[in-house]
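Novice: From the sequence below, what's the structure:
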Amino acid sequence: MAEVQQLRVQEAVDAMVKNVERENIRKMQGLMFRCSAGCCEDNQASMQQVHQCIERCHAPLAQAQALVTSELEKFQDRLARCTMHCNDKARDAMDAGNKELQVKRQLDSCVAKCVDDHMHLIPTMTKKMKESLSSIGK
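Specialist: A predicted model of the protein is given here:
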C-alpha cells in the first residue's frame, strides 16, 4: 500500500483508538482500580478470596480490551483483503501484457479506493464499539 494511503488510515485509526480510550476505556480502568482497592480493604477475606475479587474487578476491562482488539483486527483484515485484490488485479494486468506505468497507476487508484472505502467504515465501527463497551460490566 502506498505510504501516503497507509498513513491516512493509520492516523484515522489512531485518532479513533485514542478517543475510545479516553471516553470509554479510561473510565473502566478507574472502576477496575477502585474495585480492586475495595477487595484489598476486606481484612476478613483470605488471600484467594481477595485474588478472586480482583479478577472479577478486572474482567470487564479485559473484555473491553479484547473487544477493541477484535474490531481493529477485523478492520485490518478487511483492508488487507481489499489491497490483496488490487495486487492480484495488477499482477493479472502485467501478465496480460499491460505497460508497467499503466498497471502502477491502476494499482495506486485501486488501493486509494480501498482506503477511502475503509475510512468511511471507521465512524460506524467506532459507534458499534462504543455501544458494545457501554454494555460491558452492566
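
Novice: and the longest helix anywhere in the chain, what's its mean pLDDT?
Specialist: Ranked by residue count, the top helix of the chain under DSSP state H comes out as helix 47-95. The average pLDDT for helix 47-95 rounds to 95.

Novice: Start at 48, not 1
Specialist: Noted, 48 is the first residue going forward, which turns the last one into helix 94-142.

Novice: Centre of the chain to that helix, how far?
Specialist: 6 Å (Cα atoms, centre = their mean, to the nearest Å).

Novice: Report the distance from the helix or strand just after that helix to the chain centre.
Specialist: Downstream of helix 94-142, the next assigned helix or strand under DSSP states H and E is helix 147-182. The chain centre lies 13 Å from the centre of helix 147-182; the measure is Cα atoms, centre = their mean.

Novice: next one: stretch 65-73
Specialist: Counting by Cα atoms, centre = their mean, stretch 65-73 is centred 12 Å from the centre of its parent chain.

Novice: swap in stretch 57-73?
Specialist: 9 Å.

Novice: Same check on stretch 172-185?
Specialist: 13 Å.

Novice: ok, now stretch 135-148?
Specialist: With Cα atoms, centre = their mean as the basis, stretch 135-148 stands 33 Å off its chain's centre.
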